[in-house]
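[1] Make a model of this:
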Amino acid sequence: MNKAAIITLFALTFRLAAPLLLTALGALFSERSGVVNIALEGIMTIGAFFALVVTYATHNPWLGVIAAIAAGIVVSALHAVVSIKFKANQVVSGVAINILAAGLTAFLLNVFYGHGGQSPSIDLAWQLPRWFGFLKGIPVIGPIIGGHTPGVYIAFAMVPITWFILYKTPLGLRIRAVGEHPRAADTLGVNVYKIRYFGVIMSGVLGGFAGSIFTIGEGAAFLEGMIAGRGFIALAAMIFGNWLPVRTMLACLLFGFTSALQLVIQVMGITTIAPQILTTLPYILTILALAGFVGRSVGPAASGKAYDKEGN
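    Numbers count the residues shown, from 1 in each chain. Next up, the predicted model:
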């Protein structure tokens, strides 16, 4: 593999890891507060769709991002109400939302554009201001980290922000307390329900934003099924990272690397490995992570458990 291919490989790794990272950090907020969010796939799908619709109509990608975030908030709020207020099974709620998102976007494609399967393509680039061009000039790593869309940089900037919120603020302390022992947090005056709503809504904000990267970040069309299980991969990355922001980032980079590797190998025309095997690498890694192959991951004690303030 030559130098150009190696640079392409690592640049692709950062680009492909970004939406996974945003979604995984959103899941981290949700699970740290005690709510399992299987609906990440649906949130990303809805975010990608509405980012495309608004950007296509307004020719303003930043408005598309806002639309994606708003759509993610609506979907995550639905999951929050069902899981927190009505105390439904959180996994079943998430799966139902994923199915709803897939069906709704397929229906709206027909409503908005008169045909299903694929939307029109966006013919504009989502770019940073020109003065960010200095990134490409940084020795060694410049060609790798320079030239990406804003979503990629925002994704990695969210790692220290998430760490700071969770470990250096009173809000973060409350989130972690509610995820570990909601009853004890409640007796100390913490509103368990509000904290959990916040955690789930944050997963919608970041998941919707992540979805926008697949459409306006790539200057592409919306395709049915384009998220292709990446919501579950992000969830696996969070577990792989043991519910910690920096480790979650490293896990997302690993998943991004496997995806980038199969793309680069195919472009280079290497035939010693079947392309079908390369395509399945990220999903195989997901299964291994969820099966606990990478270590004994222990999540928040109250994650997935509905809280009843009046219960015993």
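[2] Grab the nearest non-local neighbour of residue 203.
    Sequence neighbours aside, residue 26 is the residue nearest to residue 203 in space, at 3.6 Å (criterion: CB to CB, 6 or more residues apart in numbering). For glycine as for every other residue, the C-beta is placed from the backbone atoms N, C-alpha and C.
[3] List the contacts of the one you found.
    Counting by CB atoms under 8 Å, 6 or more residues apart in numbering, residue 26 touches 37, 40, 43, 202-207, 210.
[4] from the chain's centre, how far out does the longest helix along the chain sit?
    Longest helix in the chain by number of residues (criterion: DSSP state H): helix 3-32. Chain-centre distance of helix 3-32: 9 Å, with CA atoms, centre = their mean, to the nearest Å.
[5] Next, the buried residues of it.
    8-32 (16 or more other CB atoms under 10 Å).
[6] okay, the angle between the helix or strand following that helix and helix 3-32?
    Tracing the chain past helix 3-32, the next element assigned as helix or strand by DSSP states H and E is helix 40-58. Here the directions of helix 40-58 and helix 3-32 differ by 110 degrees (axes from the mean of the first three to the mean of the last three CA atoms, to 10 degrees).
[7] in helix 40-58, what counts as buried?
    40-56.
[8] Who are the packing partners of that helix?
    helix 3-32, helix 61-80, helix 90-113, helix 192-215, helix 230-240 (3 or more CB pairs under 8 Å, 6 or more residues apart in numbering; DSSP states H and E).
[9] what's the angle from the second one to helix 90-113?
    Orientation check (the same axes, to 10 degrees): helix 61-80 against helix 90-113 gives 140 degrees.
[10] going forward can the numbers begin at 2, since that is how I track them
    Fine by me, first position is 2 from now on; the one you just mentioned is helix 62-81.
[11] Can you spell out which helices and strands pack onto helix 62-81?
    So helix 62-81, by 3+ CB pairs under 8 Å, 6+ apart, packs with helix 41-59, helix 91-114, helix 193-216.
[12] count of neighbours near the nearest residue to residue 80 once chain neighbours are set aside?
    Excluding its sequence neighbours, the residue lying closest to residue 80 (CB to CB, 6+ apart) is residue 40, at 4.8 Å. By other CB atoms under 10 Å, 35 other residues sit near residue 40.
[13] And residue 3, by the same measure?
    8.
[14] Residue 117 now?
    Count around residue 117 with other CB under 10 Å applied: 13.
[15] phi, psi of it?
    phi -100, psi 180 (degrees, to the nearest 10).
[16] Residue 201 versus residue 235, what's the distance?
    For residue 235, the distance to residue 201 (CB to CB, to the nearest Å) stands at 15 Å.
[17] whoops, residue 169 was the one
    Separation of residue 169 from residue 201 (CB to CB): 22 Å.
[18] Name the residue in those two with the higher neighbour count.
    Set side by side, residue 169 and residue 201 show more neighbours around residue 201, with 30 against 10, by other CB under 10 Å.
[19] List the residues that contact the more buried one.
    30-31, 34, 36, 38, 77-78, 80-81, 84-85.
[20] If you drop the residues flanking it in sequence, what lies closest to it?
    Nearest to residue 201 is residue 81, by CB to CB, 6+ apart, at 3.9 Å.
[21] you'd agree that neighbour is up against residue 36?
    Yes - with contact defined as CB atoms under 8 Å, residue 81 counts as touching residue 36 (7.1 Å).
[22] Look at those two and report which has more neighbours.
    Higher neighbour count among residue 81 and residue 36: residue 36, with 32 against 26, using other CB under 10 Å.
[23] Could you measure from the residue lying closest to residue 216 once chain neighbours are set aside over to residue 217?
    Closest residue to residue 216 apart from its sequence neighbours, by CB to CB, 6+ apart: residue 53 at 4.1 Å. Separation of residue 53 from residue 217 (CB to CB) stands at 7 Å.
[24] what does residue 13 give?
    18 Å.
[25] and the gap between the residue nearest to residue 80 and residue 5?
    40 Å.
[26] Residue 166 too?
    Counting by CB to CB, the gap from residue 166 to residue 5 is 39 Å.
[27] can you check residue 19 too?
    22 Å.
[28] what ranges of the chain fall below the confidence cut-off?
    Applying pLDDT under 70 to the chain flags residues 2, 131-132, 220, 271-274, 276, 291, 293-298, 312-313.
[29] 80 - rerun?
    2-3, 124-135, 141, 218-221, 267-280, 282-283, 286-299, 311-313 (pLDDT under 80).
[30] end-to-end on stretch 106-126?
    23 Å (CA to CA, to the nearest Å).
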